[in-house]
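Trainee: make a model of this:
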Amino acid sequence: MAKLLHPKATAVWLVDNTTLTFKQIADFTGYHELEVQGIADGDVAAGVKGFDPVANNQLEQSEIDKAENNPLHKLKLKYNAAAVDEDKRRGPRYTPLSKRQDRPNSILWLVKFHPELSDGQISKLVGTTKPTIQSIRERTHWNIQNMQPIDPVALGLCRQSELDAAVAKAAKKLDEVMTDDERRKLVSTEQSLGMEPEPRLPSAIEGLETFSLSDPRGEDDEEEDTRGPSDFSDADSFFNLPSGGDDDEDDDSDDPRR
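Mentor: Numbering: from 1, shown residues only. The predicted structure follows:
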């Protein structure tokens, strides 16, 4: 569908050169009726030069005449064959000059954290070529040693909604079983933020997941202790040496030196 050129300047011209109602001008230019009234009062679009839609082949004079005679008539934009399907026309995404040096870093981020994305999807997201993507995948890019992965959304190369849509589309094409980490990467940012975090052990007790206080040898090897308190001597008895009465006398009598 064709679009109106310079809608504000067109509204200024229609206010100054026609007797159309504010609503008719607002419907044609896409502005609010109060904004058109502000143009007529001089509060809005001060200094804007009027743009003649008739002379610029956007509106027929007969349409203006009909609208002036009938306040309910809505202006129709003149048909332009050259403007047909101009909204569907697709071209390479424009990347500002100040951000083009960071584009390889964003490609590296997409290749690293979203390997399920195809080269065509990455090309549409950040506006690059497939040979460049392939060289980064194979790490043959001339500057691969100095590159750092950076989120293309943070760089302003694409919107988060576009990235989420591309990831969701790529996820539908995967038939293989994915791990929890891979599945978390394939959901949108809003869904991933809503997921419950995975439980993590404190670093002080890492490695003790299988620790148990029970005897690993089992209960069969354990012997039940049936001894009572009377079977244990007092604490001093553990430190008393055995008496050496008779044994010492026998040893002395056998000594050949006596």
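
Trainee: what about the stretch 51-200 of the chain, any weak spots by pLDDT?
Mentor: 80-98, 174-200 (pLDDT under 70).

Trainee: quick one: neighbours of the nearest residue to residue 30 once chain neighbours are set aside, just the number.
Mentor: Distances taken as C-beta to C-beta, 6 or more residues apart in numbering place residue 7 nearest to residue 30, at 5.5 Å, with adjacent residues excluded. Bear in mind the C-beta positions are built from the backbone N, C-alpha and C, glycine included. When neighbours are defined as other C-beta atoms under 10 Å, residue 7 has 16 of them.

Trainee: what's the spacing between residue 7 and residue 154?
Mentor: Residue 7 is 34 Å from residue 154, where distance means C-beta to C-beta, to the nearest Å.

Trainee: for the closest residue to residue 159 other than its chain neighbours, the count of nearby residues, please.
Mentor: Distances taken as C-beta to C-beta, 6+ apart place residue 153 nearest to residue 159, at 6.9 Å, with adjacent residues excluded. Residue 153 sits with 18 neighbouring residues when counted by other C-beta under 10 Å.

Trainee: can you name the element that comes right after the helix or strand containing residue 153?
Mentor: Following DSSP states H and E, the helix or strand that holds residue 153 is helix 152-155. Tracing the chain past helix 152-155, the next element assigned as helix or strand by DSSP H and E is helix 160-172.

Trainee: counting by contacts, list what the helix holding residue 153 packs against.
Mentor: With contacts defined as 3 or more C-beta pairs under 8 Å, 6 or more residues apart in numbering; DSSP states H and E, helix 152-155 has these neighbours: helix 103-113, helix 160-172.

Trainee: so which bits of the helix or strand that the shortest one is followed by are buried?
Mentor: Scanning forward in sequence from helix 103-113 by DSSP H and E, the next helix or strand is helix 119-126. By neighbour count on 16 or more other C-beta atoms under 10 Å, the buried set for helix 119-126 is 119, 121, 122, 123, 124, 125, 126.

Trainee: try stretch 61-80
Mentor: By neighbour count with 16+ other C-beta under 10 Å, stretch 61-80 contains the buried residues 63, 64, 67, 75, 77.

Trainee: and for that stretch, what are the contacting residues?
Mentor: Stretch 61-80 is contacted from outside by 2, 4, 18-21, 23-24, 27-28, 54, 57-60, using C-beta atoms under 8 Å, 6 or more residues apart in numbering.
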